[in-house]
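Student: pasting a predicted model and its sequence here:
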Amino acid sequence: MTFTALHRILGVAPGPLTDELLDEAVAQGVEEADDLDWKSELLPVKGLQLTDFPKDVAAMANSGGGLIIYGVRESQKAATERIGVGECDEGYERALNTAAVNAITPPVFGLKVHRLGSVDKRAVAVEVPASVDGPHLIYRNEYFGAPLRNNADTVWMKERQIEAMYRARFDERRHATEALDNLYVEAARGRDTQTRAWLFAVAHPRVPRLQNRLTRDDVREVLTRTEKLTMTYAPGGVHPLESVDRLNPRPGLRRWVAVNAATGDRMVWREAWASVHHDGSVTLAAAIGGHMIGSGSYLDGWQVEASAVEASVADLMALTRVTAEATGNEEYDIRVGAEWMGREALVFLSGDARYPHQGTPLRGYSPVEVTVDASESSDDFFWRVHDLAQDCVNQGGISEVRLVTPPARDEVR
């Protein structure tokens, strides 16, 4: 769900950014703020990177994110009327995102462009995400500066402000690592890693958007949608989310837990647990060693089918994407690891269950970490699923990703 400066100022619940919302803001004479900037005209696409657009975006990013809205005339910082702006097609939208990446250091990713209104009063709203990578700098030839929103104005940071923002960036990185550490430890606690290998996968939003607590119905809907999405990523294999109680999540500490439903002697090998946190974090724990390979026949606890890893990664990524949409989050830090405490080396297997290819024996598995934008296009995110799954199985000496097959990259573009 989207929650912008207009939603905040007008006291509206999270929801789509609509033309009616903009009309109401103009009618009330809403004033510019740290997170809202009125602009009357769109900038020309030619030479966009040399205009004030990169400075405006960097200032918003350095100030916690916000909206730049083109097509609204203002007087004394207050909106007075709407005026139509030029056409904003996909090419112009790409130019905006390119300028935010190429003309700002470090780049500002994840701009969202909203096209509002009809021809006579068309408006374009550029939603700049909050950033933890500040200060974002603007270079002009041999000089650089760090812009910042100060209520309705854009000012340049002083040296101490830049220093403080760098310190905040380094602190955030440490806190992000600590958040992943805590989620990972919680997911792994109490699992029988001495008898079978387990996969633990956790995701934490880089800038959590804390809103209302998720209800049981919210999480039930998240899990239902995730089940459908993950099968598009990996149609086949043993999916951990098929082994949890998706229809009856249980309350936990600031989270909902989908408990294991794979019980009994014939199903215990599929044990899995998942959780969805109120801040948008998600976790997945799945037994991946000792899977059934035939009637009454099982792998040893230290033997892992690579397809089970792929299916688990697909589940985690699908759960992350759907939860991000439900909680209004975007960028996520993700960690996927495999734990095995037995005496034998951990071995990944690929191919036919009767004649499997054996990967490189592992005495330890290094957790794989990535940062993804959960709000990017469907095909681009599909490739993030593939790349993460490939990293995970490659470490076990398996080169082929068999289940996760996104469209060809040239088709994505």
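Tutor: Structure received.
Student: can you give me the helices for the stretch 251-400 of the chain?
Tutor: Applying DSSP state H, counting those that start in this stretch to the stretch 251-400 of the chain gives helices spanning 306-327, 378-394.
Student: how far off centre is the shortest one?
Tutor: Taking the mean C-alpha point of helix 378-394 and that of its whole chain, the gap between them comes to 14 Å (C-alpha atoms, centre = their mean, to the nearest Å).
Student: go on, the longest one?
Tutor: Using C-alpha atoms, centre = their mean, the distance from the centre of helix 306-327 to the centre of the chain it belongs to is 11 Å.
Student: just the C-alpha atoms of it, please, in CSV.
Tutor: Extracted in CSV, the C-alpha atoms of helix 306-327 (Å, rounded to 0.1, in the frame of the first residue of the first chain):
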residue,chain,number,x,y,z
ALA,A,306,19.4,-28.8,-5.0
SER,A,307,15.8,-28.5,-6.2
ALA,A,308,14.7,-28.3,-2.6
VAL,A,309,17.0,-25.3,-2.1
GLU,A,310,15.6,-23.6,-5.3
ALA,A,311,12.0,-24.2,-4.1
SER,A,312,12.8,-22.7,-0.7
VAL,A,313,14.5,-19.6,-2.2
ALA,A,314,11.4,-19.2,-4.5
ASP,A,315,9.1,-19.4,-1.4
LEU,A,316,11.2,-16.8,0.5
MET,A,317,11.3,-14.4,-2.4
ALA,A,318,7.6,-14.7,-3.2
LEU,A,319,6.8,-14.2,0.5
THR,A,320,9.0,-11.1,0.6
ARG,A,321,7.4,-9.6,-2.5
VAL,A,322,3.8,-10.1,-1.4
THR,A,323,4.6,-8.9,2.2
ALA,A,324,6.3,-5.8,0.8
GLU,A,325,3.2,-4.9,-1.1
ALA,A,326,1.0,-5.5,1.9
THR,A,327,3.2,-3.4,4.2
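Student: rounded mean pLDDT for it, please.
Tutor: The average pLDDT for helix 306-327 rounds to 96.
Student: which elements pack onto that helix?
Tutor: Here helix 306-327 touches strand 198-205, helix 216-233, strand 272-277, strand 282-287, strand 331-339, strand 347-350, helix 378-394, going by 3 or more C-beta pairs under 8 Å, 6 or more residues apart in numbering; DSSP states H and E. Heads up, the C-betas are built off the backbone N, CA and C, glycines and all.
Student: quick one: buried residues of the third one?
Tutor: The reference is to strand 272-277. 272, 273, 274, 275, 276, 277 (16 or more other C-beta atoms under 10 Å).
Student: what sits against the fifth one?
Tutor: With C-beta atoms under 8 Å, 6 or more residues apart in numbering as the criterion, the residues that contact residue 276 are 214, 219, 222, 223, 249, 255, 256, 258, 282, 319, 323.
Student: now list the buried members of the residues you listed.
Tutor: Here, 16+ other C-beta under 10 Å leaves 214, 219, 222, 223, 249, 255, 256, 258, 282, 319, 323 buried among those.
Student: excluding chain neighbours, what is closest to the fourth one?
Tutor: What it means is residue 223. Leaving aside its chain neighbours, residue 223 sits nearest to residue 246 (4.1 Å; criterion: C-beta to C-beta, 6 or more residues apart in numbering).
Student: please apply the same query to residue 130.
Tutor: Here the residue nearest residue 130, using C-beta to C-beta, 6+ apart, is residue 65, at 3.7 Å.
Student: my read is that that neighbour contacts residue 131, right?
Tutor: Yes. The criterion here is C-beta atoms under 8 Å, and residue 65 meets it with residue 131 at 7.0 Å.
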